[in-house]
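In: sharing a model prediction with you, sequence too.
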Number of protein chains: 2
Amino acid sequence: MSDIIPQLSLDCVIFGFHDSTLKVLLLKWKNSEEYSLPGGFIKQSESIDAAAVRVLNERTALDKIFLRQFHTFGKVRRYDNDVIRQKLSHLIEEPIFHERVVSVGYYALVDYEKVFPNPDIFTEKCEWVDIDEVPELLFDHNEILNKGLKSLRLELSFQPVGLNLLPDKFTMPDMQRMYESILGKKIDPRNFQKKILKTGIVIRLDEVKKGVAHKSPYLYQFDEKRYKEVLEEGGLFFS
Amino acid sequence: MSDIIPQLSLDCVIFGFHDSTLKVLLLKWKNSEEYSLPGGFIKQSESIDAAAVRVLNERTALDKIFLRQFHTFGKVRRYDNDVIRQKLSHLIEEPIFHERVVSVGYYALVDYEKVFPNPDIFTEKCEWVDIDEVPELLFDHNEILNKGLKSLRLELSFQPVGLNLLPDKFTMPDMQRMYESILGKKIDPRNFQKKILKTGIVIRLDEVKKGVAHKSPYLYQFDEKRYKEVLEEGGLFFS
């Protein structure tokens, strides 16, 4: 029996938030202009969730990560093997893409600033790309990325997101920009503030943000206990 | 290469709605009191979605089914092999449960009355069980069922459900009972009607239900075009 489960892999859509923009971590393949998502195989001795944590740790050096399995991709022919072999012929002589592989998709939301991106053996760079500037990816990775983004957006509408993404103290407009960058659309600020406060996941501090023109906005902090409760209950709804 | 993908299977949580009750289709194993979910393996020549459709068709004789992949179960040790072998020793001499298998979970919502349940080679009966009366199942199937139910409930809160489950013409109370039986809780009738009508997925007919005491309730029909649009958009929200 092989050390890894045959015909099963995982792919990770790693989202980061920076400068009011949602970004995704891509691998650039050696001596080429080709990009893909990070991924890997599953050892016989590890659960698929543990394999996803390992892959993320290998690529980002992070160990505590918000990680979610979102879909398993199981078409007979997920991509055109000939095209892939042609694109990567300078790297891979063996037909490693010959066999059918089913892939489990995970997405992660990480703190952009805490990540140390590491490429793997096939790739020369691991870089952040704006969600609106993602190029054509190898394999079926655009499909996986899009499905991951859709799942994240859906999740955002019924579960709290933001702990570990925003700084320790943040303003309501900071939080709103994070939501808007993930959802890819504008939100009415009054409704946003009302809904967030109603959930109790944030606490207003007796402190305002300094160095801001005109009216200084209040600073907020996550109430981690309440945050975890709402995460359990699934009690947030944004339409 | 084997005809099936090694170490990968699928399990199906088949929900049906009848007499204001949510039910699930279980298999009763031959000469035992043990139950499990229907499931099977994935052929090299079929996608995992197609395999799920095939398994459902084999067990229910239905071919057009609302079917949703919801989670992939990938622990190293999903259940205690020794316990299973003991329970099923009268049926299976070979240690077929020896190897680690990752299983993709699907759930289906079917019209209870259109189903012709068929057991498989290991089982003697395929029967509907009330969701509140599910016994201890073989393998990790209680966990799979519970996760499937949670996914269905979540899905119900942002996507329309009910086409193919309710009769062609139904009253608002009929529809509300379906929602309540799936969600496992009471809903305020005025809010329910308002929210459903706002989505446009149902049309009120110029017809009332007869044989009902006092005020005869109006009959409704699904607007299939609008229903499909809302399904695409994911535009329904029930908290």
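Out: Happy to help now that I have it. Keep in mind that this is a model prediction, so the values were computed, not measured.

In: helix or strand right after the biggest helix by length in chain A?
Out: Across chain A, the longest stretch assigned as helix under DSSP state H is helix A:141-156. Going down the chain from helix A:141-156, the next helix or strand is helix A:172-183, by DSSP states H and E.

In: can you give me the buried ones in the following helix or strand past that next one?
Out: Counting by DSSP H and E, the next helix or strand C-terminal to helix A:172-183 is helix A:189-199. For helix A:189-199, the neighbour count (16 or more other CB atoms under 10 Å in any protein chain shown) marks A:192, A:193, A:196, A:199 as buried. From N, CA and C alone the C-beta is placed, and that goes for glycine too.

In: got it, and stretch A:206-214?
Out: Buried residues in stretch A:206-214, counted by 16+ other CB under 10 Å: none are found.

In: one more: stretch A:62-81?
Out: Buried, per 16+ other CB under 10 Å, within stretch A:62-81: A:62, A:65-75, A:78.

In: restrict those residues to those near chain B?
Out: Residues of the buried residues of stretch A:62-81 in contact with chain B (CB under 8 Å from any CB of the partner chain): A:69, A:71, A:72, A:74, A:75.

In: checking the last one next. Helix, strand or coil?
Out: Judged by DSSP: H, G, I helix; E, B strand; the rest coil, the three-state class of residue A:75 is coil.

In: let me see the contact set for the residue of chain A most remote from its centre.
Out: Within chain A, residue A:214 marks the point farthest from the mean C-alpha position, 35.5 Å out by CA atoms, centre = their mean. By CB atoms under 8 Å, 6 or more residues apart in numbering or on different chains, the contact set of residue A:214 is empty.

In: before we move on, back to that, any chance of the buried residues of helix A:189-199 in CSV, plus distance to chain B and pLDDT?
Out: Shown next, in CSV, are those (distance: CB to the nearest CB, whole Å; pLDDT from 0 to 100):
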residue, distance to chain B, pLDDT
A:192, 16, 89
A:193, 19, 90
A:196, 15, 89
A:199, 11, 85
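
In: need the residues you listed in TSV (columns: distance to residue B:40).
Out: What follows is the buried residues of helix A:189-199, written out as TSV (distance: CB to CB, whole Å):
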residue	distance to residue B:40
A:192	46
A:193	50
A:196	45
A:199	42
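
In: quick one: which of the ones next to chain B among the buried residues of stretch A:62-81 is nearest chain B?
Out: residue A:74 (3.0 Å; CB to the nearest CB).

In: next one, pLDDT for that closest one please.
Out: Residue A:74 is assigned 98 on the pLDDT scale.

In: that one and residue B:52 touch, don't they?
Out: No. Counting by CB atoms under 8 Å, residue A:74 stays clear of residue B:52, with 9.3 Å between them.

In: so what sits against both of these two?
Out: residue B:104.

In: okay, residue A:87: pLDDT?
Out: Looking at residue A:87, the pLDDT reads 90.

In: after the strand ranked longest in chain A, which helix or strand is next? Please name it.
Out: Criterion DSSP state E: the longest strand present in chain A is strand A:4-18. Once strand A:4-18 ends, the next helix or strand along the chain (criterion: DSSP H and E) is strand A:21-29.

In: avg pLDDT for that following strand?
Out: 94.

In: contacting residues around the helix or strand following it?
Out: Remark: after strand A:21-29, the chain's next helix or strand is strand A:35-36, criterion DSSP H and E. Strand A:35-36 is contacted by residues A:26, A:27, A:28, A:29, A:123, A:129, A:135, A:137, A:138, A:139, A:141 when judged by CB under 8 Å, 6+ apart.

In: check contacts around the first one.
Out: When contacts are counted by CB under 8 Å, 6+ apart, residue A:26 touches A:35, A:36, A:37, A:126, A:127, A:128, A:129, A:134, A:137.

In: if we go to 6 Å?
Out: Contacts for residue A:26 (CB atoms under 6 Å, 6 or more residues apart in numbering or on different chains) come out as A:35, A:129.

In: ditto for residue A:41
Out: Neighbour list for residue A:41: A:4, A:9 [criterion: CB under 6 Å, 6+ apart].

In: tell me which residues form a beta bridge with it?
Out: residue A:9 (DSSP bridges).

In: domain assignment for chain A?
Out: A:4-155, A:172-233 (automatic domain parsing).

In: hey, which of these is tucked in deepest?
Out: For these, the largest average neighbour count (mean count of other CB atoms under 10 Å in any protein chain shown) is found in domain A:4-155, namely a mean of 18.

In: and it, how far apart are its ends?
Out: 31 Å (CA to CA, to the nearest Å).

In: off-centre distance for that domain?
Out: On the basis of CA atoms, centre = their mean, to the nearest Å, domain A:4-155 sits 10 Å off its chain's mean C-alpha point.

In: near chain B, which residues of chain A show up?
Out: Within chain A, the positions near chain B by CB under 6 Å from any CB of the partner chain are A:5, A:6, A:7, A:47, A:48, A:72, A:74, A:75, A:76, A:104, A:237, A:239.

In: need the max-distance pair from those residues.
Out: Distance extremes for these: the farthest pair is A:6 and A:239 at 43.2 Å, using CB to CB.

In: low-confidence stretches in chain A?
Out: Residue ranges of chain A with pLDDT under 70: A:1, A:93-98, A:233-239.

In: coming back round to it: between the contacts of strand A:35-36, which is nearest chain B?
Out: Nearest to chain B among the contacts of strand A:35-36 is residue A:139, at 15.9 Å by CB to the nearest CB.

In: which residue, other than its chain neighbours, is closest to that closest one?
Out: residue A:79 (4.7 Å; CB to CB, 6 or more residues apart in numbering or on different chains).

In: please verify my assumption that that neighbour contacts residue A:137.
Out: No. In this structure, residue A:79 is not within contact of residue A:137 by CB atoms under 6 Å, at 9.9 Å.

In: need the overlap of contacts for those two.
Out: Shared contacts of residue A:79 and residue A:137 (CB under 6 Å, 6+ apart): none.

In: quick check: angle from the helix or strand encompassing residue A:226 to helix A:189-199?
Out: Residue A:226 is part of helix A:224-233 when elements are defined by DSSP H and E. Helix A:224-233 and helix A:189-199 are oriented at 90 degrees to each other (axes from the mean of the first three to the mean of the last three CA atoms, to 10 degrees).

In: show residues contacting helix A:224-233.
Out: Identification of contacts with helix A:224-233 by CB under 6 Å, 6+ apart yields A:159, A:160, A:163, A:199, A:200, A:201.

In: now do the fourth one against residue A:169, distance only.
Out: Distance check for residue A:199 against residue A:169: by CB to CB, to the nearest Å, it reads 18 Å.
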